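[1] sequence-free structure coming up:
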């Protein structure tokens, strides 16, 4: 197994860890006595503390190297998963979830820094393959979690992912080599965080990450409500989400991914942001059920344009000494978008009954800001 494939596998497991718990966490929290509000807090605290882990992990991989942080991150991830079945009450579950959010956040900039080290100055296609892996995790994870929970095997959700992380630990220790060695860390100068924050490519990529996750949060919250309004079951919302996921994965792994070599990452990301913003706005006013999957297909194209391109922008603007911090900053916006997306959709839905329109307005505003930053010199 090549280094690249191992890193892809670890990235997929890291995201499966997140997605497999989506259909499980709310009923598990309620079974321990949580109210619906408390269950929502337990879900949100994971993404909120991802931000802390993202920043801490970014600093650590630039200072101590990629491999030590990757080993520690995978060990801690495997360990924290074993504590979920031991939770006896809501407070304990909240504590485990909080620690899990930090640990998971540490891993993300680490694996992307390694991937960026190998993808630097090459095609954006490696980031597209990573996107395909994450897309597959987003499709398969919730399905696997839902099936296990439906059969009374909630504990197996946590144990199975812990086993996957144990495999990651073995692969990392045995096969992963350090992509940022100590002698390079002494020679290659790293920029302070404020200098990184002033870099327009990182600003653009971070805005794109925030907007993309706001759009996903809006879909997760509002598509089931849309299905209900159109007289359909909530299963239809799941199918609609799958349409966009499958569309994106097809673009990532087929010859269609040549588009990443034909246009700059900035142009692809900007086009994708405008696309998903317009699609969300259109979904708000659709009255024919057959139109929604067509719009989700187009949304999938927009998603496919954005995800690998914004990751490549972070790779392009950083060097080995700053890549961890850059991805830490970038994914903190990603995590923030997860929290903001469903919260914004819920607020706008409650106040005006227009969750898709609210998300669309925010994303199109971000799109204009993205373009404006790109034109500044």
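    Arrived safely, thanks for sending. Here the structure is a predicted model, which means the values were calculated and not measured.

[2] The residue most central in space within the chain and residue 6, how far apart?
    Taking CA atoms, centre = their mean as the criterion, residue 334 is the residue nearest the geometric centre of the chain, at 6.4 Å. According to CB to CB, to the nearest Å, residue 334 and residue 6 sit 23 Å apart. The C-beta positions use only the backbone N, C-alpha and C, and glycine is treated the same way.

[3] isn't residue 199 right next to residue 314, touching?
    No. Using CB atoms under 8 Å, residue 199 is not in contact with residue 314; the gap is 9.6 Å.

[4] and the closest residue to residue 348 other than its chain neighbours, what pLDDT?
    Spatial nearest neighbour of residue 348, chain neighbours left out: residue 358 (3.3 Å); criterion: CB to CB, 6 or more residues apart in numbering. pLDDT recorded at residue 358 is 88.

[5] who are the neighbours in contact with residue 358?
    218, 344, 345, 347, 348, 349, 352 (CB atoms under 8 Å, 6 or more residues apart in numbering).

[6] hmm, try it at 7 Å
    Applying CB atoms under 7 Å, 6 or more residues apart in numbering, we find residue 358 in contact with 344, 345, 348.

[7] Just the ones of the residues you listed in helices?
    If you go by DSSP state H, the contacts of residue 358 have 344, 345, 348 in helices.

[8] What is the least confident helix or strand in the chain?
    Taking mean pLDDT, DSSP states H and E as the measure, the chain has helix 182-187 as its least confident helix or strand, at a mean of 64.

[9] Is residue 288 in a helix, a strand, or coil?
    Here residue 288 is recorded as coil under DSSP: H, G, I helix; E, B strand; the rest coil.

[10] quick revisit: which one of residue 199 and residue 314 has more residues nearby?
    More crowded of residue 199 and residue 314, by other CB atoms under 10 Å: residue 314, with 29 against 18.

[11] So the more buried one sits against residue 331, correct?
    No. Between residue 314 and residue 331 there is no contact under CB atoms under 7 Å: 9.1 Å.

[12] Was I right to think the residue nearest to the centre of the chain contacts residue 211?
    No. Here residue 334 lies out of contact with residue 211, judged by CB under 7 Å, at a distance of 10.3 Å.

[13] what about residue 174, how many neighbours?
    9.

[14] so how far is residue 310 from the residue lying closest to residue 308 once chain neighbours are set aside?
    Closest residue to residue 308 apart from its sequence neighbours, by CB to CB, 6+ apart: residue 127 at 3.6 Å. Note on residue 127: its distance to residue 310, by CB to CB, is 9 Å.

[15] Give me the helices and strands touching the helix or strand hosting residue 41, please.
    Assignment of secondary structure by DSSP states H and E places residue 41 within helix 36-64. Helices and strands touching helix 36-64, by 3 or more CB pairs under 7 Å, 6 or more residues apart in numbering; DSSP states H and E, are helix 22-31, helix 66-81, helix 90-119, helix 323-352.

[16] Can I get those in TSV including distance to residue 280 and mean pLDDT?
    Formatted as TSV, those follow (distance: least, CB to CB, whole Å; pLDDT from 0 to 100):
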stretch	distance to residue 280	mean pLDDT
helix 22-31	21	81
helix 66-81	33	94
helix 90-119	25	89
helix 323-352	10	83
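
[17] want to try CSV for those helices, with distance to residue 170 as columns?
    Formatted as CSV, the helices and strands packed on helix 36-64 follow (distance: least, CB to CB, whole Å):
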stretch, distance to residue 170
helix 22-31, 26
helix 66-81, 9
helix 90-119, 16
helix 323-352, 23
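
[18] Can you tell me which of the ones you listed is nearest to residue 152?
    Comparing the helices and strands packed on helix 36-64 against residue 152 with CB to CB, the closest turns out to be helix 22-31 (11.3 Å).

[19] Now do the SS call for the closest residue to residue 250 other than its chain neighbours.
    Nearest residue to residue 250, sequence neighbours excluded (CB to CB, 6+ apart): residue 256, at 6.9 Å. State at residue 256, reduced to three classes by three-state DSSP: helix.

[20] Check residue 256 and give its pLDDT.
    Note for residue 256: predicted pLDDT of 91.
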